[in-house]
Each structure stands twice: as C-alpha cells, then as structure tokens.
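Q: Dropping the sequence and predicted coords here.
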Amino acid sequence: MKYIYGPVPSRRLGKSLGIDPIPSKTCNYQCIYCQLGKTTNFTNIRKNYFPKKDIIAEMEKAIKSNENEFDYITFVGSGEPTLYKDLKDLILRAKELSKKPICVITNGSLLYEKKVQDALMISDLVLPSLDAGDKKSFIKINRPHPSLRFKSLIQGIKSFKKNFEGQFWIEVMLIKGINDSKEELLKIKEKIDFINPDRIDINVPIRPPVEKWVKIPDKNTLSILNEIFDDYSNINFPEEGKFSIYSSNFEEELISILERHPMRQDQIIETFSSADFNKNKILSQLRKLKLQKRIKDINYLNQIFWKLNMNKKLSNN
Ligand code: SF4
C-alpha cells in the first residue's frame, strides 16, 4: 500500500488506520522536533500531490479488509495533510466507506483558509498542534513557510473551533530550553484559552528529532505545567502494541512504516516475529538494510530506533 498504513497503535486514538495523501516531507513547517527528518519539499501550495482515484482505490481496499480492526480513520502522515487540495473529497469517501470516526492530524497552519475549514468540518476529530505562544517562538520552533503568519494561525484555529461540532484536541510539543519556561508556557496557555479546545495534550519528543540538539524537558517542568494548565493529558508514553502488516514481505512493510515515523527496535521485533521469522532473523535483515544504506539506527533516550536513510531515499527518487 502506498497511501494507507496500519492499523497502527496510537497513543490517543487506540488503533488507527492511517491515510497519507502527501509525499514524504512535503510540509509548510520545518519543525525542529520533526520525527520524519528534514522538510525536503518546503511549500505552502495546496494541490493533489497524488491522483485522487489512486488514494481512493487503496482506501476502499484497506477499509474493507480491516473494518473491525481499527477505531479511527486518520488523515496524517509524512507531510501536512491539509496541503492536499481535495482533502474534503477523500474524507467524504472515507465516511461513505466506514462508520468509524474520521480524524485529521494537522499542524493547523491552514485553518484560516475557508476551503480547509470546509474539508475538516466534516470530520469527527481534529488534532492541531500549537507549540508557541508568540511569533518569535513560532518561527524558532516551527520554522514556518514565509507566507504563514502567527496571527492568522491563531485566528484560523479559533474560528474553526467555534463552528466545529466534533472534538478538537490541541497538542503542545515541549522542548527543553525553548518553550518549557513558565513565561513561554503562560503565553501558550493564553492562546489555548482563547481557542478553547476540548482537550489539551502535552507531549515531548519521544522519537528522534530532526535537530539533534532538541531535548525533552526536565521532570521539574511537570510542576510548572500543573500550575499553569489545570487540565491536560500527559501522553509522554511510547505506544504499546503491534503494528498491522499487509504481507510477509519484511522489507516492503518495514519501509512503509518507517516512511511515516521511526520505530523502536523492540516494536519491530514484536510486529514482525513469527514461527519462522524470529528475532535473530529480523536483526539480521535490519543489518542488511543498514548496509544497503536504506535505513539507519539511532540511539535516543537509551533505546534503539530505526528510521529511513533519507539521503539514500532522495538519491533513489
Ligand atoms: S512535525 Fe509535522 S508540521 Fe512539523 S515539519 Fe514535521 S510534518 Fe511538518
């Protein structure tokens, strides 16, 4: 499958069937904490990056074969999903194909656009991110496309939320020394109060970030968080559970997941282990792919993660 992945375990959504209508690292942000690597296509142009009919054909197949295996259909992936021009048509088709709720995970940057609002309005759950309380931090953390403005971001999120009948959960990514001080958190809280979401999720970079100097905040930040945010869900826990795979082709399935995010080594072993494909065989396959420079291992938070070797991927394109 090229545009569909999972069902995958998700911290917030249980089991989620992912739909990814955007090419790898096509985004209007270049977040310092991005787990997908460097934004290689830095753009704010909304267009159909892949043929709509091809994405819909895969959706039909995946939803049919997994109907009882997931809790949400989630538009997310390897770039910013609202950059797909006909996102509304994809959501409408997903609603025709399944009764399961539809979720869109977005950086929220385009919610000031009427067409993006229209598309997301028909979903059940929208999860935008907001990591900064002012323009200066917004530029430092999200490194947005020059055509994006912090003021429009906040106004766009606010006006969408006001009219949206589904659930609206804001996620804040905290980075040590960047936005975890009391002063920065108060500014973020002020913006969040203005938006009035249904839920606030505080997160920290649990997977290897694009900028190596990005670190998770110290534990004492928790007391400041408790003081400032009355109600939040700390979701700083790695996902548990197996990823779903579509075939016994280890390489193909692994690369397909790694295109969306890095995986812990123990998660890979749990997902792919079978009677005739044990841990040693999986580790040997990982080493082989590493030698071919298709993937690489990273030590992060004392755990081994595997991710795509983007240099190799780019030279293949
Ligand atoms: S974290 Fe999301 S919004 Fe930020 S650069 Fe990566 S894909 Fe884009």
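A: Happy to help now that I have it.
Q: What number of neighbouring residues does M1 come out with?
A: 16 (other Cβ atoms under 10 Å). Backbone N, C-alpha and C define where each C-beta goes, glycine included.
Q: residues in the stretch 51-200 of the chain within reach of the ligand, list them.
A: G79, E80, N107 (Cβ under 6 Å from any ligand atom).
Q: Contacts only, for the last one.
A: Meaning N107. Contacts for N107 (Cβ atoms under 8 Å, 6 or more residues apart in numbering) come out as C27, N28, Y29, C31, E80, P128, S129, N142.
Q: swap in the first one?
A: Shown in contact with G79 (Cβ under 8 Å, 6+ apart): D20, I22, P23, S24, K25, T26, C27, L36, N41.
Q: part of a strand, is the fourth one?
A: The one in question is S24. No: with DSSP: H, G, I helix; E, B strand; the rest coil as the criterion, S24 is coil rather than part of a strand.
Q: Give me the local confidence score for it.
A: Looking at S24, its pLDDT is 88.
Q: Any figure for the gap between it and E165?
A: Computed as Cβ to Cβ, to the nearest Å, the S24 to E165 distance reads 33 Å.
Q: more neighbours, those two?
A: Taking neighbours as other Cβ under 10 Å, S24 and E165 compare with S24 leading, 21 against 8.
Q: Now the more buried one: phi and psi?
A: Reported as degrees, to the nearest 10, the phi and psi values for S24 are phi -50, psi 130.
Q: can you start the count at 55 instead of 1 from here on
A: Yes, from this point I'll number from 55; that puts the last item at S78.
Q: Not counting residues beside it along the chain, what's closest to it?
A: Distances taken as Cβ to Cβ, 6 or more residues apart in numbering put S132 closest to S78, at 4.3 Å, once the chain neighbours are dropped.
Q: Switch the contacts of G133 over to a markdown table; also include distance to the ligand.
A: Shown next, in a markdown table, are these (distance: Cβ to the nearest ligand atom, whole Å):
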| residue | distance to the ligand |
| --- | --- |
| D74 | 11 |
| I76 | 9 |
| P77 | 12 |
| S78 | 10 |
| K79 | 7 |
| T80 | 9 |
| C81 | 3 |
| L90 | 5 |
| N95 | 11 |
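Q: okay if I get the residues of the stretch 105-254 of the chain next to the ligand as TSV plus secondary structure and pLDDT?
A: Listed next are these as TSV, based on DSSP: H, G, I helix; E, B strand; the rest coil; pLDDT from 0 to 100:
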residue	secondary structure	pLDDT
G133	strand	91
E134	coil	96
N161	coil	97
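Q: Show the end-to-end separation of stretch 263-280, please.
A: Across stretch 263-280, the terminal residues are separated by 26 Å (Cα to Cα, to the nearest Å).
Q: Low-confidence bits of the stretch 255-371 of the chain, can you list those?
A: Applying pLDDT under 70 to the stretch 255-371 of the chain flags residues 284-301, 365-371.
Q: re earlier: of the residues of the stretch 105-254 of the chain next to the ligand, which is the nearest to the ligand?
A: Ranked by distance to the ligand (Cβ to the nearest ligand atom), these are led by N161 at 3.7 Å.
Q: What segments of the stretch 205-354 of the chain are strands?
A: Using DSSP state E, counting those that start in this stretch, the strands assigned to the stretch 205-354 of the chain run over residues 221-227, 253-257, 287-288, 317-318, 349-354.
Q: Nearest to L240, out of those strands?
A: Checking those against L240 by Cβ to Cβ gives strand 221-227 as the closest, at 12.6 Å.
Q: Now do the closest one and strand 253-257, the angle between them.
A: Computed by axes from the mean of the first three to the mean of the last three Cα atoms, to 10 degrees, the angle separating strand 221-227 from strand 253-257 equals 20 degrees.
Q: what's the farthest-apart pair in the contacts of N161?
A: Among the contacts of N161, C81 and P182 lie farthest apart (Cβ to Cβ), at 14.1 Å.
Q: Which one's more surrounded, the two?
A: Set side by side, C81 and P182 show more neighbours around C81, with 27 against 24, by other Cβ under 10 Å.
Q: That one contacts L137, doesn't it?
A: Yes: using Cβ atoms under 8 Å, C81 is in contact with L137, at 7.4 Å.
Q: shared neighbours of the two, which are they?
A: By Cβ under 8 Å, 6+ apart, C81 and L137 have these common neighbours: T97.
Q: Count the residues that sit near I232.
A: As a burial measure, I232 scores 20 neighbours (other Cβ under 10 Å).
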